[in-house]
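A.B. asks: Provided below are the primary sequence and the corresponding predicted coordinates.
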Amino acid sequence: MLKKIECFFQPSKLDEIKDELVKMDVGGMSVSEVKGFGTQRGYLEGEKINKKVKFLPKIKVEIVVDEEIVEQVIETIRRLCTAKTIGAGKIFVIPVEDAVRIRTAEVGKSAIY
Amino acid sequence: MEKKSNLWEMTLSQLDEVAEEINLDENIHQILRHPKRCLTVSIPVQMDSEKIEVFTGFRVQHNVTRGPAKGGIRYHPDVTLEKIKALAMLMTWKCAVVGIPYGGAKGGIICDPKKLSLKEIEKLTRRYVSEIISFIGPEKDIPAPDVNTNPQVMAWIMDTYSMDVGYSVSGVVTGKPISIGGSLGRDAAAARGVMFTLMNTAKKFKFDPFEKTIAIQGYGNVGENLAHLLSRQGYKIIAISDVAGGIYNPKGLNPVQVSLALKDSGSVIGYKDGQRITNQELLTMDCDILIPAAVENQITEKNAGEIKTKLIVEAANGPTTPKADQIIKERGISIIPDILANAGGVTVSYFEWVQGLQASFWTEREVNLKPRDIMQKAFDNVYRVSEKRKVTMRKAVYILAIERVAEATRIRGLYP
């Protein structure tokens, strides 16, 4: 079974995370620069918080992997993104019903690896 | 043609060969050489002429260590106990290699269904079921269609069993009509599995399947569905045949038109846009991928030397005789064996049984997707074994299957 891992973290962590994930069985990833807020309401540590919610720049990474390595991928991302402050990010795991490689019509796991 | 009575000997020697290769424990080897149960029953049937005729039927359960027995029932004049024993053993290996929790069984009745009326076939089926009834059941042994048995026969089996126990039991048999708990997507399941196996093979053997030419022998359930699936994906099928003969067009055939020709004229040879060929010519023609999807014993020592394809994907059961297998191996042609390539059928049977037990039914899409994961895993495992041990895919299938059954036997221990 395939799972999609969609995670959000601070832009400075991207290169390190990419390098670690390619060492594992991660066949590809999509990266977007996004804006967002979470528990920290868009404020950095130490900043004075008022009622207005702000956006902070974040990186969104989407990867689809085989179920077998999901735990390992989560562990890696979490280890590299961990910060003592709030706003380190989130990881979501989403079931993928199917995948198709357009060029070859390969489906399922074959489409990914 | 191989002597039919030899099938049991051949199957046993296959087991012995693998046992030696994997250093199988001698005690477990002995257990696996013997079917758990062989039942021979007499089936008296009052024919339409009012005369009573007594038929002979069998049900063999080879091994149930990994789960209830599973296997088809065939109606054929050539049925013998030995043959059923062999086919039951092959079912044990098939279920084990695919990793579904079943043991192997097979059944059959010596009869010529072409000479029987529908009513006579119904009576024959019901009495046969009643004779083997204490040995079958959703948690014991689950029959399925095979040569000359169809969803209607499965419905009679289900009804007879249900009448006997006093309530409806849909999980006693698979391959049922949809109205009584059959699974959606079953018709094309075996063909889907073959196509998926072909794609996996292309990936591992590193070739582009769209550039290859494909010849399909047989245009029954598997052959026809496969031709349609492949052609929709963009594969190039250059030859197709059925019992009456074949058609060939190097530019590619259109299965939609082939099926129309079959409907209109009763054979694929009614197709206009192709050249007529024989079944023998199809098997030995110049193509990249040959898919035997008809009956057993088609590739024999007589034609194996002339086969020009690079890859054979066995959609049919036992299309290649062991002697031909040896010749083909020496000639460097790869075979993706039947037990692996056509396991889509038994996998959907398994899911039909699961749906029956849960009394909950899946959409066709779910039924199409689930077996794929199972087939993928089976293919990857077999390929790994064949690489690791430097053996053919066929040998790898047997190694993997026998190892699994042996391990289950070892861990369960011997009763008492």
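C.D. replies: Structure's in. What do you need?
A.B. asks: Going by C-alpha atoms from here, please, whenever you check contacts or count neighbours.
C.D. replies: OK.
A.B. asks: Where do the helices of the chain begin and end?
C.D. replies: Going with chain A. Assigned by DSSP state H, the helices in chain A fall at A:14-23, A:70-81, A:109-112.
A.B. asks: Correction: the question concerned chain B.
C.D. replies: According to DSSP H, the helices that chain B contains are B:7-21, B:26-33, B:81-98, B:118-132, B:151-165, B:189-205, B:221-233, B:255-265, B:279-283, B:322-330, B:338-341, B:344-358, B:364-389, B:393-412.
A.B. asks: What residues does chain A have near chain B?
C.D. replies: A:1, A:98, A:104-106, A:108-110 (C-alpha under 8 Å from any C-alpha of the partner chain).
A.B. asks: who in the stretch 251-400 of chain B is up against chain A?
C.D. replies: The stretch 251-400 of chain B has residues B:369, B:372-373, B:376 near chain A, with proximity defined as C-alpha under 8 Å from any C-alpha.
A.B. asks: if I pick residue B:73, what's in contact with it?
C.D. replies: Contacts for residue B:73 (C-alpha atoms under 8 Å, 6 or more residues apart in numbering or on different chains) come out as B:106-109, B:143-147, B:149.
A.B. asks: and with 10 Å instead?
C.D. replies: B:57-59, B:84, B:105-109, B:143-150, B:153-154 (C-alpha atoms under 10 Å, 6 or more residues apart in numbering or on different chains).
A.B. asks: cool, and residue B:309?
C.D. replies: B:213-215, B:283-291, B:333-334.
A.B. asks: Residue B:310 now?
C.D. replies: Neighbours of residue B:310 in contact, by C-alpha under 10 Å, 6+ apart: B:286-290, B:328, B:331-335.
A.B. asks: Going by neighbour count, which of those residues comes out on top?
C.D. replies: Most neighbours among those, by other C-alpha atoms under 10 Å in any protein chain shown: residue B:290, with 28 neighbours.
A.B. asks: thought that residue was touching residue B:218?
C.D. replies: No. The criterion here is C-alpha atoms under 10 Å, and residue B:290 misses it with residue B:218 at 11.2 Å.
A.B. asks: Adding distance to residue B:278, write the contacts of residue B:310 out as TSV.
C.D. replies: Below are these laid out as TSV (distance: C-alpha to C-alpha, whole Å):
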residue	distance to residue B:278
B:286	14
B:287	15
B:288	18
B:289	18
B:290	15
B:328	21
B:331	24
B:332	25
B:333	22
B:334	24
B:335	22
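A.B. asks: thought residue B:286 was touching residue B:308?
C.D. replies: Yes. With contact defined as C-alpha under 10 Å, residue B:286 reaches residue B:308; the gap is 5.3 Å.
A.B. asks: Domain-wise, how is chain B divided?
C.D. replies: Domains of chain B are assigned by automatic domain parsing as B:4-180, B:189-336.
A.B. asks: I'd like those written out as TSV, with mean pLDDT and distance to residue A:75 added.
C.D. replies: Putting the domains of chain B into TSV (pLDDT from 0 to 100; distance: least, C-alpha to C-alpha, whole Å) gives the following:
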stretch	mean pLDDT	distance to residue A:75
domain B:4-180	95	30
domain B:189-336	94	30
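A.B. asks: Adding distance to residue B:349 as columns, could you present those in TSV?
C.D. replies: Conversion of the domains of chain B to TSV gives the following (distance: least, C-alpha to C-alpha, whole Å):
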stretch	distance to residue B:349
domain B:4-180	6
domain B:189-336	9
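A.B. asks: Relative to residue A:31, which of these is closest?
C.D. replies: Nearest of the domains of chain B to residue A:31, taken as C-alpha to C-alpha: domain B:189-336 at 27.5 Å.
A.B. asks: for chain A, what spans make up the strands?
C.D. replies: Using DSSP state E, the strands of chain A run over A:2-9, A:30-36, A:56-66, A:89-96.
A.B. asks: Output the below-cut-off pLDDT ranges for chain A.
C.D. replies: Filtered on pLDDT under 70, chain A yields no residues whatsoever.
A.B. asks: Give me the residue at the spatial middle of it.
C.D. replies: Central residue of chain A (C-alpha atoms, centre = their mean): residue A:7, 2.3 Å from the mean position.
A.B. asks: thought that residue was touching residue A:64?
C.D. replies: No. In this structure, residue A:7 is not within contact of residue A:64 by C-alpha under 10 Å, at 11.5 Å.
A.B. asks: shared neighbours of the two, which are they?
C.D. replies: Both residue A:7 and residue A:64 are contacted by residue A:93, under the criterion C-alpha under 10 Å, 6+ apart.
A.B. asks: just to revisit the earlier point, distance to residue B:50 for the strands of chain A - can I get that in TSV?
C.D. replies: TSV is the format used below for the strands of chain A (distance: least, C-alpha to C-alpha, whole Å):
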stretch	distance to residue B:50
strand A:2-9	61
strand A:30-36	75
strand A:56-66	63
strand A:89-96	61
